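Participant: quick check, what structure comes out for this input:
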Amino acid sequence: MGGVKRSIIKMATFTGSMAPVLVLWLAMSLSGTWAVDKGNFKTCDQSAFCKRQRALKPGDSPYRALLETMELTNTRLTLQLINDNNKVRLLLELYRLQGNMTRVKINELKPLKPRFEVPDVLITEPSTEPLSLLSQDENGVVLSLGTESQRVIISARPFRLDIMEGPEVLMSLNSRGLLAFEHLRMRKDTFSYKVTSTVASKEEEEKVDGMWEETFKSHSDSKPNGPSAISLDFSLPGVEHVYGIPEHADTLRLKTTDNGDPYRLYNLDVFQYELYNPMALYGAVPVMLAHKAQRTTGIFWLNAAETWVDISSNTAGKTVFGKMLDYVQGSSETPQTDVRWISESGIIDVFIMLGPTPKDVFSQYASLTGTQSFPPLAAVGYHQCRWNYNDQEDVASVDAGFDEHDIPYDYIWLDIEHTDGKRYFTWDSHKFASPKEMLQALEDKKRKMVAIVDPHIKVDSNYKIHNEIRNKGFYIKNKDGGDYEGWCWPGSAGYPDFTRPDMRAWWASMFAYDQYEGTAENLYTWNDMNEPSVFNGPEVTMHKDAVHGAWEHRDVHNLYGLYVQMATAEGQIQRSGGVERPFVLTRAFFAGSQRYGAVWTGDNAAEWDHLKVSIPMCLSLGLVGISFCGADVGGFFKSPSTELLVRWYQTGAYQPFFRAHAHLDTPRREPWLFGPENTALIRDVVRQRYTLLPYWYQQFYHAYRTGEPIMRPLWVEYPQDPATFALDDEFLIGKDLLVHPVTEEGARGVTAYLPGKDQVWFDVHTFQKHNGAQSLYIPVTMSSIPVFQRGGSIIPRKMRVRRSSSCMTHDPYTLYVALNLQRTAEGELYIDDGHTFNYEKKEFIHRRLSFAKNMLSSVNLATDAEFSTGSWIERIVILGASKPSKVTLKTADGQESQLEFDFDASMSVLTLRKPGVNAGLDWNVMLQ
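Facilitator: Next up, the predicted model:
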């Protein structure tokens, strides 16, 4: 939930003390249509620095490298660049990093004052490896990147940097001459390059260009530091597919931006966002992946200011016929994608990840910013949310409804109405008079709750949280030095300065059980509105000239949400003495947010296109490290048809974060309110989620260990198959499950692409076998969710679904063994206590399951780990099997026993009954 134009009801709670002008403004806002008011948000033309930078056209760069200033040490190369137009010097630093990465930093050689460099995002200062000089003349230098064939070429005039492997250029920087660095200057300094030749005087030029002041609608930005924008272009030869830079409501494959605005990265509370455009949304991860059949690379632009990304391509817009014509005529133009990054302030600090495989890029990025935090198992279950569950009775009744209709769930959520007048860390004393009793009632059923804690704090001298923050001087300041105040849900609100470690430590301490009254171990947290959202601010966010210590808000804006979630997660960990894993959902995020919890796609709508776009939105997030992603099931705004609601449950059940949520003004939509038929359909797919929890949990463990996405595009596993490069209506979970949700209204069938030339895929519902490398038409009914298990995989499930994941802890496993054409299969089984950090102390079970030569075996993958489980193997289902004459189980102590089995000859499915062996032990099963 977020945004300004929510509901008159909500606003009425604080209009009493509001300025009449604001009431009028809100009323006008609220009465409008339910769609984004684009006029509230800037285009590139309305963002002075973007307009200025975009006015620079490709050509010869004014920058040249001063080779005589080059210094090469064991860890880095430094070199001065000079802008021949204004004689301002820059300092280039080049590092070769461990793991096939290169880091390029460019700053002013002698800035008037320090320029902002992003802290707290990198998990450690990256390890360097030696660079060596291969050759040098007056035109440039050639450096080796370790391996014989990999090198960096720095050309002097104009400055350009190429990274090569053998004869192939992997990436070029400033090859189009778009490096720009607006140096800090005194106000009287002259503008260094003319943007337009028609401007009469320097004074007018400054005014026209918004260099020292800028207005948008009724808001002015004072820009005390003047212009400070930076820009750099990257060329990617041979590349036609680029991905990433979330968050945008757009296709997985990024589009070219020549005929419109660049993609914008600037965390904003966008009411009812539009689909398929490059407008900014709630989060920003400045990471782009480029993929072609031979190689995957990545660019991580470490900058937290407002950023725009332009993409152009020499093959964009060419029809298939045009491309064929090129081929027939022997046109030798290599496809190429050019990318240009433009940021408002800070420095150029870019990490070039050279792959070469998709998984290499994931591990390179993870080595910089960390991996997805490993959530408690319960958080991977189903979440029931709404703005708002009204009171304790409502919570109890919804909870009972799930039991009555035999639908499992793990978390019920409370939105902002649960508080005392939007004062976070409090409860409404009438509606939630005894929160501890409510939490205990949930705990008795092994269920949990999430309550919202937003980062805008009601200005009220009777409110402890506000008083403490004000007294400690922890609020963000306005440009004049007073506490910054803006309007949000509580009315007038202050915004804590989460960039301060002491503020974050204090915030974390507020989650202690003796501070946050009425809380218990099964209460977790949701951070919303943390872009930050400021209803009466420019673009519904904070003024850029607000002050965080030595820095302006413009420098740190995209970090704010990350810091809020970081401090909240730390608070949850501390309250348990460091024992329990946190669960925190955030709306705003940045690079590194994966370390602190989950994200969702914000305030979507109950429309088919919003269901469709949830897939590429989560895929894009997974590619840049944020795996724990989901969308509001059913759509936040408006009311879904029953068909859309069912299809959304079927899609959401196969996405990492599975939560239903709805707006205050929508009719109730708990899963049992749409007639017995639809209740049964929803129940069935929620139960599918719960049977698959062992596999999901294993994927989360794998993401935590490797940085690989959980929900992933097909090209990640089939990088040489061009048919997969732009697919975003289907996806893989890990590498073994392929899901093609039904996202069209009234669909009678879907066409799924099954990848892999020598691959087979088994329909998980019917066990029908299909060959890979084909587009398969699948007839569907309302109960269909096309899901396929890869031949060659083994997937564990728990078939006894109970009311919550914790109730299933000791339940037995069923192993689904899908054989490939070589009649082999492999999988894993991961088990721990599901909620503590004890896995870090090697308290877990991690086993390799493998089938080969008619023998299925379980062996220990972590011999130094120790954990015991009450779960056992209840059943083994082998797909693509032939009929054995007998089946023998052999346990670790050498005992042998015969197993009963059934064989379905029509489907080649062999079912082995009750092996009965403990899931944590060594065993094998022999088919004879």
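
Participant: mind listing the helices for the stretch 201-350 of the chain?
Facilitator: Counting by DSSP state H, counting those that start in this stretch, the stretch 201-350 of the chain forms helices over residues 202-209, 320-328, given from the N-terminal end onward.

Participant: by mean pLDDT, show me the worst of those helices.
Facilitator: Set side by side, the helices of the stretch 201-350 of the chain show their lowest mean pLDDT on helix 202-209, which sits at a mean of 50.

Participant: run a quick neighbour tally on the closest residue to Phe590 other than its chain neighbours.
Facilitator: The shortest distance from Phe590 to any non-neighbouring residue, by C-beta to C-beta, 6 or more residues apart in numbering, is to Leu562 (4.3 Å). For the C-beta atoms, the positions are set from N, CA and C on the backbone; glycine is no exception. Leu562 is flanked by 27 other residues according to other C-beta atoms under 10 Å.

Participant: same question for Leu81.
Facilitator: By the measure other C-beta under 10 Å, the count of residues near Leu81 is 25.

Participant: check contacts around it.
Facilitator: When contacts are counted by C-beta atoms under 8 Å, 6 or more residues apart in numbering, Leu81 touches Tyr63, Arg64, Ala65, Leu66, Arg89, Leu90, Leu91, Leu92, Ile106, Phe159.

Participant: element containing it, please.
Facilitator: Assigning secondary structure by DSSP states H and E places Leu81 in strand 77-83.

Participant: buried set for that strand?
Facilitator: Neighbour-count burial for strand 77-83, counted by 16 or more other C-beta atoms under 10 Å, picks out Leu77, Leu79, Gln80, Leu81, Ile82, Asn83.

Participant: name every strand pairing with the helix or strand just after that strand and say which way it goes.
Facilitator: Of the helices and strands lying after strand 77-83 in sequence (DSSP H and E), the nearest is strand 89-97. Next to strand 89-97 in the sheet, as set by DSSP bridges, lie strand 77-83 (antiparallel), strand 101-108 (antiparallel), strand 128-129 (antiparallel).

Participant: just how off-centre is strand 89-97 within its chain?
Facilitator: If you compare the mean C-alpha spot of strand 89-97 with that of the full chain, they lie 29 Å apart, counting by C-alpha atoms, centre = their mean, to the nearest Å.

Participant: buried ones in that strand?
Facilitator: Along strand 89-97, these residues count as buried under the neighbour rule (16+ other C-beta under 10 Å): Arg89, Leu90, Leu91, Leu92, Leu94, Tyr95, Arg96, Leu97.

Participant: pretty sure the first one sits against Lys110.
Facilitator: Put plainly, it is Arg89. Yes: taking contacts as C-beta atoms under 8 Å, Arg89 lies within contact range of Lys110: 7.3 Å.

Participant: show me where the stretch 51-200 of the chain has its strands.
Facilitator: Listed from the start of the chain, the stretch 51-200 of the chain has strands (DSSP state E, counting those that start in this stretch) covering 63-72, 77-83, 89-97, 101-108, 128-129, 132-137, 140-144, 150-155, 160-165, 168-173, 180-181.

Participant: among these, which is nearest His405?
Facilitator: Taking C-beta to C-beta as the measure, the strands of the stretch 51-200 of the chain were each checked against His405, and strand 101-108 came out nearest at 51.5 Å.

Participant: so what sits opposite the nearest residue to Val104 once chain neighbours are set aside in the bridge?
Facilitator: In space, not counting the residues next to it along the chain, Val104 is nearest to Val350; the distance is 5.1 Å by C-beta to C-beta, 6+ apart. In this entry, Val350 is beta-bridged to Val104, Trp301, by DSSP bridges.

Participant: how many other residues sit next to Val350?
Facilitator: One way to gauge burial is a neighbour count; for Val350, by other C-beta under 10 Å, it gives 20.

Participant: same question for the one 4 residues further on.
Facilitator: When counting by other C-beta under 10 Å, one arrives at 22 neighbours for Leu354.

Participant: and Pro286, how close does it get to Leu232?
Facilitator: Using C-beta to C-beta, to the nearest Å, one gets 12 Å for the distance from Pro286 to Leu232.

Participant: and for these two, which residues touch both?
Facilitator: What both Pro286 and Leu232 touch, as defined by C-beta under 8 Å, 6+ apart, is the set Trp341.

Participant: name the nearest of the buried residues of strand 89-97 relative to Arg554.
Facilitator: Proximity to Arg554 was ranked across the buried residues of strand 89-97 by C-beta to C-beta; first place goes to Leu90, at 20.8 Å.

Participant: that closest one reaches Lys110, doesn't it?
Facilitator: No: no contact is recorded between Leu90 and Lys110 when judged using C-beta under 8 Å, the distance being 9.9 Å.

Participant: between the two, what contacts are shared?
Facilitator: A shared contact of Leu90 and Lys110, defined by C-beta under 8 Å, 6+ apart, is any residue touching both; here there are none.

Participant: pretty sure the residue nearest to Phe590 contacts Val584?
Facilitator: No: counting by C-beta under 8 Å, Leu562 sits too far from Val584 to count as a contact (11.4 Å).

Participant: poorly predicted segments of the stretch 501-650 of the chain, please.
Facilitator: By pLDDT under 70, the stretch 501-650 of the chain contains no weakly predicted segment.

Participant: and the strands in it?
Facilitator: Using DSSP E, counting those that start in this stretch, strands in the stretch 501-650 of the chain cover 523-527, 547-548, 551-552, 584-586, 598-600, 629-630.
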